[in-house]
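Chemist: the following comprises the amino acid sequence and a computationally predicted model.
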Amino acid sequence: MTVETTPKEVTLRVWRGEDRGSGAFVDYQVPVDPGMVVLDVLFRVQAMRAPDLAVRWNCKAGKCGSCSAEVNGRPRLMCMTRLSGLPLDDPIVIAPMATFPLVRDLVTDVSFNFEKAKTIPAFKPAPPGPDGTRRMYQEEVERVQEFHKCIECFLCQNVCHVIRDHEENKEAFSGPRFFVKLAALEMHPLDTNDRLELIRMKDGLGFCNITKCCTEVCPEDIHITDNAIIPLKERIVTQYYDPLAWVKRRIFGREESTRGRADRGA
Amino acid sequence: MAEPHYDERDYDVIVIGAGGAGIRAAIEAKGQGARTALVCKSLFGKAHTVMAEGGIAAALRNVWKEDGWDVHFRDTMRGGKLLNNWRMAQIHAQEAPDRVLELEEWGALFDRTSDGLILQRDFGGHRYARLAHVGDRTGLEMIRTLQNRATELGIDVLMECTMQRILMDDGHVAGAFGYWRQTGRFVLLHAKAIVLATGGAGRAWRVTSNSWEYSGDGLRMALDAGADLMDMEFVQFHPTGMVWPLSVRGLLVTEGVRGDGGTLRNKDGERFMFRYIPEFFRAETADNEAEADRWYEDKANNRRTPDLLPRDEVARAINTEVKAGRGSPHGGVFLDIASRRAPDFIQKRLPSMYHQFKELADIDITKEPMEIGPTCHYFMGGIRVDADTTATTVAGLFAAGECAAGLHGANRLGGNSLSDLVVFGRRAGLHAAQFAAARRAPGAVDKAELDAAATRMLVPVERSDGEDPYAIQNDLQGTMQDLVGLIRSASELEEALRRLASYQERLDRVGVRGGVRYNPAWNLALDLRSMLTVSEIVARAASTRTESRGGHTREDFPKTDPEWGKRNVVIRRKDGALDVSIEALPEMPADLRGVVGEQPHPKEHQGAVESTQPAGLGAR
């Protein structure tokens, strides 16, 4: 085990307020113990200095994705951000996620994400096999299991510059979290639904210019850009811009041509 | 204060609590055509189910053909020290496989056997490898699958909405009353039927795997509405919580570590569990290291390792080792998987555990042992329900999941919680919808009662120099940890009850600053009411049961008493005060008694049809 040297006190510079215009950063100096994460220090601030400090959290184990915020300018889960990994001579700056409307202090209104979730066409499984089972093999489910690791912390949404800096894009852009979800559905071994038209038009996949900001902040290390977004882009290119596929689609219909490719994989 | 202004909505069925049981209930109620609302205390998909790791128990028979509902039933009853409601245990074992396959039909991707079926893993107290799983993040897969399904069905989801009171009209439920966390605004939900799926109250202990949500709101609301609470003395301390650093003390370490080959050792390197095999499990447990080691590779011809005894046994053993001075440096014992399994096996099977220890404790579990100790984890007790319908004793009120009592008896087996959620969540949604359909009009709501409730809820906000809610919570957690923990005694329980009364007095004077908008201090002040009530009930029930059984251990009554094996402790409110009664456990039919009785040793069964390791992963 590494021996950790933590100072006895740190200063947190925490955003306080109910709107971005009138709020401000406030400094809190509190004692700390070895091994602490940023969320622990915020609990101390609540217990000792500011009982009404609004923080959203649940599992405190990196599993639920509730405590997303920007720590020293970097989007992170506060429950998984160790003090030992931060410079402690200066105040630790903690701000709410910038992309979503502020509720209070470190809590933002992330309902944008739950609204986008409603627009995604359902999982539609193929019928069971002749023996009544649905056989899938570890190799083929593993690719999708990577996407299912998503804990919906929305850090990828927060950091995506398509919506971070452009409120007007939110209408027609679902964001990386939902590209991951769409990829999970499209690559699910049993799914029969076709979402490519929707992904192209309504979810705004074309807006993404592959800067990989989402991948960098993902606490679950999902390769969002390489494994979800790029394969989806390729599928759309093949479906809509490949002349052979276009002719095939005209003759056999969309379902046929899509399934054929989905079965071969990206 | 201005006249309270309520956000008012009308439904047939409201489901309070959006973990596995609540979401499954809402899906079923909606499917029955009921106008359904699902109320979450947090955001949708963040409930405790998301933290479940090891798997969901169901006799799918993909790995062991010898398994079946009867064996699962037997294991559940024996794990619960026969205090379970036999009918719930039967329904649970019979329906769990269908519920798991239903999750797969809704998009869940469990780990696979080499012939493409759902893989199952070993867990404590389960005779056969029985837990369908996704690495060590099964709960996430389950809650997301259910969440997606609920979203697809267009169920109204009320997020960050805390219910405080069930409203009654002429003996029937009429609705529920609470507040929006984000605004502090009051919410009035009219309903013909209500499903409670609010979980337990483990937040009242200091070392706990539970989050801030687990304050026992549903238990307290049910009690206030006139329902019975049962078996409340049985609180499960999971044997393996993290112990170091302090900031992660209590964080869960999945039983899957032991299921997949991890063993417990004390500071002398001794595999101490061999000294703690109870008579009840002696016939099926290896009594020497050689046989236990052989069991990992040849389960058909060897008895299972005592590392996988039910949780109550393991937690008590760890506690004894630590008290005897044989613990690890930070007051736990060692859990070692590195010496049996290869790093790629561990990272594949237990990715969250690897990540959790690496990130939070600087421990590489593929190289070093973990330090672990018991952590408050689960309430076996809860609201008394009818086994088939999940109906409580209050007309129109149903309960499922952790907040309901009966299935797990005195101790829950790992993996039986996730299956409980979907089996009884579905039944709760179904029967609540049927109840609502049979009721012509929603009950009337007494607005004066609401105004009084709203005024009471706002009192802390208007008292600027009152008691600090965080300080009360801190003292409460210390008391429950020290005096109502793993090992109990009459004198300590009496002291706990005395202190709890003083916290109640302090709570009556509680005050917070900062208004009602997303104010955790105000939220805590309200939650504390439930926490104190439920804590008192646990202590009262614990002092009533003068024996040791499952999750309830009395230092002053160390033996299991067969007479107590026929009794439940039931607590209800009578004329405003708590009334404790001892009531007869429903008697199991003779044919099921035969199932629970001793069965042939696994040696007499055929071999496993499938390795419990996924394709391509070998043991070290």
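Modeler: Looks like it came in fine. Numbering: from 1, shown residues only, chains lettered A, B, ... in the order given.

Chemist: tell me how many other residues crowd the residue of chain A found nearest chain B.
Modeler: Nearest residue of chain A to chain B: residue A:35, at 2.2 Å (Cβ to the nearest Cβ). Where C-beta positions appear, they are placed from N, C-alpha and C, glycine not excepted. Number of residues near residue A:35 (other Cβ atoms under 10 Å in any protein chain shown) recorded here: 20.

Chemist: leaving out chain neighbours, which residue sits closest to it?
Modeler: Nearest residue to residue A:35, sequence neighbours excluded (Cβ to Cβ, 6 or more residues apart in numbering or on different chains): residue B:245, at 2.2 Å.

Chemist: same thing with residue B:391?
Modeler: residue B:398 (5.6 Å).

Chemist: assign a three-state SS to that neighbour, would you?
Modeler: Assigned with DSSP: H, G, I helix; E, B strand; the rest coil, residue B:398 falls in the strand class.

Chemist: could you do residue B:363 as well?
Modeler: coil.

Chemist: thinking it is in contact with residue B:370, fair?
Modeler: Yes. Applying Cβ atoms under 8 Å, one finds residue B:363 in contact with residue B:370, separated by 6.3 Å.

Chemist: just the strands in the stretch 451-600 of chain B please.
Modeler: All strands of the stretch 451-600 of chain B, identified by DSSP state E, counting those that start in this stretch, fall at B:487-488, B:553-554, B:567-574, B:577-584.

Chemist: quick one: distance of the last one to the chain centre.
Modeler: Centroid separation between strand B:577-584 and its chain, computed with Cα atoms, centre = their mean, to the nearest Å, is 23 Å.

Chemist: so which elements touch it?
Modeler: If you count contacts as 3 or more Cβ pairs under 8 Å, 6 or more residues apart in numbering or on different chains; DSSP states H and E, strand B:577-584 packs onto helix B:520-544, strand B:567-574.

Chemist: which positions within the last one qualify as buried?
Modeler: Neighbour counts over strand B:567-574 (16 or more other Cβ atoms under 10 Å in any protein chain shown) mark B:567-573 as buried.

Chemist: contacting residues for the residue of the stretch 1-150 of chain B found nearest chain A?
Modeler: Going by Cβ to the nearest Cβ, chain A is nearest to residue B:116 of the stretch 1-150 of chain B, at 3.3 Å. Each residue near residue B:116 by Cβ atoms under 8 Å, 6 or more residues apart in numbering or on different chains is listed here: A:133, A:135-137.

Chemist: redo these as TSV? Include secondary structure and distance to chain B.
Modeler: Formatted as TSV, the contacts of residue B:116 follow (DSSP: H, G, I helix; E, B strand; the rest coil; distance: Cβ to the nearest Cβ, whole Å):
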residue	secondary structure	distance to chain B
A:133	coil	6
A:135	coil	3
A:136	coil	6
A:137	coil	5
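
Chemist: buried ones from those, can you make that a ChimeraX selection?
Modeler: Those of those that count as buried under 16+ other Cβ under 10 Å are selected in ChimeraX with:
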select /A:136
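
Chemist: sorry, back to before: how close does the residue nearest to residue A:35 sit to residue A:205?
Modeler: To residue A:205, residue B:245 is 42 Å away according to Cβ to Cβ, to the nearest Å.

Chemist: try residue A:164
Modeler: Here the criterion is Cβ to Cβ. By it, residue A:164 lies 17 Å from residue A:205.

Chemist: likewise residue A:135?
Modeler: According to Cβ to Cβ, residue A:135 stands 31 Å off from residue A:205.

Chemist: now the stretch 201-350 of chain B against chain A: closest residue?
Modeler: Residue of the stretch 201-350 of chain B nearest chain A, by Cβ to the nearest Cβ: residue B:245 (2.2 Å).

Chemist: nearest residue to the middle of chain B?
Modeler: Closest residue to the average C-alpha location of chain B: residue B:378 at 3.8 Å, with Cα atoms, centre = their mean.

Chemist: element containing it, please.
Modeler: Assigned by DSSP states H and E, residue B:378 falls within strand B:370-379.

Chemist: list residues touching both of residue B:363 and residue B:370?
Modeler: Common neighbours of residue B:363 and residue B:370 (Cβ under 8 Å, 6+ apart) are residue B:357.

Chemist: quick one: which of the two has more around it?
Modeler: residue B:370 (25 against 20).

Chemist: pretty sure the more buried one contacts residue B:358?
Modeler: No. Residue B:370 sits out of contact with residue B:358 when judged by Cβ under 8 Å, with a separation of 11.2 Å.

Chemist: what parts of the stretch 151-266 of chain A come near chain B?
Modeler: Residues of the stretch 151-266 of chain A lying close to chain B (Cβ under 8 Å from any Cβ of the partner chain) are A:151-152, A:185, A:188, A:191.
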